[in-house]
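Enquirer: sequence plus predicted model, see below.
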Amino acid sequence: MKFISQDDITFEIDNEVLRQCTKICNTDSSIVKLTSTKSKILQKVIQYCEMHLNDFDIPEIQKPIKYQHNIFDIVSFKDAQFITNLEFEEIIQIIQAAKFLGINTLIDLSCAYIAIKIRGKNSQQVKEMLKSNKPITDEQEQMDRDMEIKVKK
Amino acid sequence: MQNKNIILLIFTYLELDDLARCELVCLNWFHFINSDSIQTRNIFSKFYYNSFQQFKWHANKIQLLQVKDLIFYEEDFEINKNDIINAISPLLLESLTIKLNQFNILDQLLINLKTLKKIEIRMPIQNSELVLLTQLPNLEELHLRIQKKTDEDLKLSQFHNLHSISLQLQGMKYTEVLLMLQNSHETLTELEIDADEYDHDQMLQIVNSLNQDIIQKLYIYYFNDYSNHIILKLSQFHKLNKLSIYKAQDIDEHAMFSLFNNKQFHELNLNQCDGITDQVLYQIAKNCLFLKYINLSWNLHITDLCVSILLSNCKYLEEVYLIGCKQLTNDCLPKNLHGLFLKLRILNFESCNNMNDNELMNLKNQFKYVKIINYYGDEIDKF
């Protein structure tokens, strides 16, 4: 099986690793194109799958997460280490890729981590957290400029 | 962060306080929290309150979203009676779990909740309120978990055709309970009952009143006068898949044997039961391939061989309690662990003198997600 990322880099994947991708493992074609996933993100996702090669049925995280618990209390050590080493924006993209591939445990882990980051912050702090990590795309910049012009007029 | 599904998924992990703050982050998030989707309804269905502000905010939300299942616990503070009624009574609830510190609210609440299918009450209740419960046209499940003595004899016999009943309260009049079960004879599939006040003959009559063709779940708590007769009666319930007979003593092996003959159980609580020998356990291991939960605590007769057969045969086990099984040694773990313990979460060997910590540590290294408890009642550490 081959995965092709957005920037045309091909990843060869074992069938064993693929077992966790619930949406992909039953398809017949041997090439999957992930048009919205960069190679860097895909690499991380595959790293996660390889990490859990021998783990069957990872338990779900209980909702809602209690205040006194941090990420190391609710998931295994290697998972916590994996997720804390990632940037915020990377995690968002990983969730999207994981959703496409159907890796439910990875979605669970990443969402719980972001929830832990959000909790205890007031709305202003959450806004800052989101903004500081969000790269401004050309379109948005253009829109901002248009808005400024309108305001000036 | 524009994808609605991802954000809603993240919200499910947050508590009430944080959701209230998230609402203020941006207009998108405000719309997500107040949107009328099933996902949002689920987020808001289960909460405990610690302050009045929390309640007020939440009451607003559940009305806006038309929540269908609600768990409503009033903890250490008091909410104005009318506020509660105004918050809950306009909802079209299907299931309600309620615990309040004040009295005389339930009757006013119930007048409007005609769509209820399931109600669970965790506070003292009076006869006048029970009457209102009988008038709910769709009620199928009634759970009374009060655990306190009630002031008056509850008239339970007025209920008809319930599907599931839990009676965890003291001072229930025996005749009322029996009548209630007889009234639901045709429909009752699940029963949980506190039976500490009943003697042997009364229990036998209760068991006799159940419909042996449909009953699926039977949990008997605190009953201490079991006999072979009752167990043999239970063995006729051929659809039974969840059973709890805590402290069933003075039971012969052959009675237990017939209880587990040709039946597929999913949950079994056999804590402190007599008559669970290796042969009986072998029967369970052979028949119950889809067993999820088993509690064999303080069964002194069971040995390594049968526990290892049980652990290797039942591949879907989630929780296993072997507390105080003194005969068990390291050999009770199956030799070949490949493909086993797919769903296991808890494995408890508390007070098993002969279990070796090193062996359990080995097991922990192979199955990192399993919570393993050793002789001292400590969890085996991850590292």
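Expert: Perfect, thanks for sending it.
Enquirer: distance across stretch B:79-95, terminal residue to terminal residue?
Expert: 21 Å (Cα to Cα, to the nearest Å).
Enquirer: then stretch A:33-53 to PDB, C-alphas only?
Expert: C-alpha atoms of stretch A:33-53 as PDB (Å, rounded to 0.1, in the frame of the first residue of the first chain):
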ATOM      1  CA  LYS A  33      -3.900  10.100  -2.300                       C
ATOM      2  CA  LEU A  34      -4.100  12.500   0.600                       C
ATOM      3  CA  THR A  35      -4.600  15.700  -1.200                       C
ATOM      4  CA  SER A  36      -4.800  17.900   1.900                       C
ATOM      5  CA  THR A  37      -2.100  16.300   4.100                       C
ATOM      6  CA  LYS A  38       1.500  17.400   4.000                       C
ATOM      7  CA  SER A  39       4.300  14.900   4.100                       C
ATOM      8  CA  LYS A  40       5.400  16.100   7.500                       C
ATOM      9  CA  ILE A  41       2.000  15.400   9.000                       C
ATOM     10  CA  LEU A  42       1.600  12.100   7.300                       C
ATOM     11  CA  GLN A  43       4.900  11.000   8.700                       C
ATOM     12  CA  LYS A  44       3.700  11.700  12.200                       C
ATOM     13  CA  VAL A  45       0.500   9.800  11.600                       C
ATOM     14  CA  ILE A  46       2.400   6.800  10.400                       C
ATOM     15  CA  GLN A  47       4.800   7.100  13.300                       C
ATOM     16  CA  TYR A  48       1.700   6.800  15.600                       C
ATOM     17  CA  CYS A  49       0.400   3.800  13.800                       C
ATOM     18  CA  GLU A  50       3.800   2.000  14.000                       C
ATOM     19  CA  MET A  51       4.000   2.800  17.700                       C
ATOM     20  CA  HIS A  52       0.700   0.900  18.300                       C
ATOM     21  CA  LEU A  53       1.500  -2.000  16.000                       C
END
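Enquirer: for the chain, where's the lowest mean pLDDT among helices and strands?
Expert: Since you didn't name a chain, this refers to chain A. helix A:138-152 (a mean of 53; mean pLDDT, DSSP states H and E).
Enquirer: other chain: chain B
Expert: For chain B, counting by mean pLDDT, DSSP H and E, that's strand B:46-49 with a mean of 71.
Enquirer: show me what the lengthiest helix in chain B packs onto, helices and strands only.
Expert: Ranked by residue count, the top helix of chain B under DSSP state H comes out as helix B:52-65. The helices and strands touching helix B:52-65, judged by 3 or more Cβ pairs under 8 Å, 6 or more residues apart in numbering or on different chains; DSSP states H and E, are helix B:16-22, helix B:27-34, strand B:46-49, helix B:81-88. For glycine as for every other residue, the C-beta is placed from the backbone atoms N, C-alpha and C.
Enquirer: tell me the contacts of the residue in the stretch 151-300 of chain B positioned nearest to chain A?
Expert: Using Cβ to the nearest Cβ, the single residue of the stretch 151-300 of chain B nearest to chain A is residue B:292, 12.8 Å away. For residue B:292, the contact set (Cβ atoms under 8 Å, 6 or more residues apart in numbering or on different chains) comprises B:266, B:267, B:316, B:317, B:318, B:319, B:343.
Enquirer: shouldn't residue A:61 be in contact with residue A:108?
Expert: Yes: counting by Cβ atoms under 8 Å, residue A:61 does reach residue A:108; the two are 5.4 Å apart.
Enquirer: identify each buried residue in the helix or strand hosting residue B:283, please.
Expert: Taking DSSP states H and E as the criterion, residue B:283 maps to helix B:278-287. By 16 or more other Cβ atoms under 10 Å in any protein chain shown, the buried positions in helix B:278-287 come out as B:278, B:280, B:281, B:282, B:283, B:284, B:285, B:287.
Enquirer: quick check: what element follows it along the chain?
Expert: strand B:293-295.
Enquirer: strand partners (parallel or antiparallel) of that next one?
Expert: strand B:267-269 (parallel), strand B:319-321 (parallel) (DSSP bridges).
Enquirer: can you redo those as JSON lines with mean neighbour count?
Expert: What follows is the strands paired with strand B:293-295, written out as JSON lines (neighbours: other Cβ atoms under 10 Å in any protein chain shown):
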{"stretch": "strand B:267-269", "mean neighbour count": "20"}
{"stretch": "strand B:319-321", "mean neighbour count": "20"}
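Enquirer: redo those as JSON lines? Include distance to residue B:328.
Expert: Output for those, formatted as JSON lines (distance: least, Cβ to Cβ, whole Å):
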{"stretch": "strand B:267-269", "distance to residue B:328": "18"}
{"stretch": "strand B:319-321", "distance to residue B:328": "12"}
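Enquirer: now the phi/psi pair for the residue most central in space within chain A, please.
Expert: Centroid-nearest residue in chain A: residue A:94, 2.1 Å away (criterion: Cα atoms, centre = their mean). Dihedral pair for residue A:94: phi -60, psi -40, per degrees, to the nearest 10.
Enquirer: tell me the contacts of residue B:203?
Expert: For residue B:203, the contact set (Cβ under 8 Å, 6+ apart) comprises B:195, B:220, B:223, B:225, B:226, B:230.
Enquirer: the last one contacts residue B:206, doesn't it?
Expert: No: under the criterion of Cβ under 8 Å, residue B:230 lies out of contact with residue B:206, with a separation of 9.5 Å.
Enquirer: sec struct for residue B:73, please.
Expert: Of the three states, residue B:73 takes strand according to DSSP: H, G, I helix; E, B strand; the rest coil.
Enquirer: right, and it touches residue B:48 too?
Expert: Yes: shown here, residue B:73 and residue B:48 form a contact pair, counting by Cβ under 8 Å, at 4.6 Å.
Enquirer: picking that back up, among the strands paired with strand B:293-295, which comes closest to residue A:18?
Expert: strand B:319-321 (30.5 Å; Cβ to Cβ).
Enquirer: looks like residue B:213 contacts residue B:239 (just checking).
Expert: Yes: using Cβ under 8 Å, residue B:213 is in contact with residue B:239, at 6.8 Å.
Enquirer: neighbour-wise, which of these two wins?
Expert: Set residue B:213 next to residue B:239 and count neighbours by other Cβ atoms under 10 Å in any protein chain shown: residue B:239 wins out with 14 against 10.
Enquirer: next, the contact list for the more buried one, please.
Expert: With Cβ under 8 Å, 6+ apart, residue B:239 has these contacts: B:213, B:214, B:215, B:216.
Enquirer: in the residues you listed, find the pair that's most separated.
Expert: Longest span within the contacts of residue B:239, Cβ to Cβ: B:213 and B:216, 10.5 Å.
Enquirer: so, low pLDDT: which residues of the chain?
Expert: Using chain A. A:24-28, A:56-57, A:132-153 (pLDDT under 70).
Enquirer: switch to chain B, that's the one I care about
Expert: In chain B, residues with pLDDT under 70: B:1-2, B:50, B:75-77, B:382-383.
Enquirer: please repeat the previous calculation with a cut-off of 50.
Expert: Low-confidence segments of chain B (pLDDT under 50): B:383.
Enquirer: in the longest strand seen in it, what counts as buried?
Expert: Determined from DSSP state E, the single longest strand within chain B is strand B:141-149. Buried positions in strand B:141-149, judged by neighbour count with 16+ other Cβ under 10 Å: B:141, B:142, B:143, B:144, B:145, B:146.
Enquirer: cool, stretch B:18-33 as well?
Expert: For stretch B:18-33, the neighbour count (16+ other Cβ under 10 Å) marks B:18, B:19, B:20, B:21, B:22, B:23, B:25, B:29, B:32, B:33 as buried.
Enquirer: now the terminal residues of stretch B:96-105, how far apart.
Expert: First residue to last in stretch B:96-105 (Cα to Cα) measures 14 Å.
Enquirer: and that stretch, how far out from the chain's middle?
Expert: 21 Å (Cα atoms, centre = their mean, to the nearest Å).
Enquirer: next: stretch B:145-160.
Expert: A distance of 20 Å separates the centroid of the chain from that of stretch B:145-160, by Cα atoms, centre = their mean.
Enquirer: what residues does that stretch touch?
Expert: Taking Cβ under 8 Å, 6+ apart as the rule, stretch B:145-160 contacts B:120-127, B:130-131, B:133-134, B:142, B:166-173, B:175-177, B:179-180, B:183-184.
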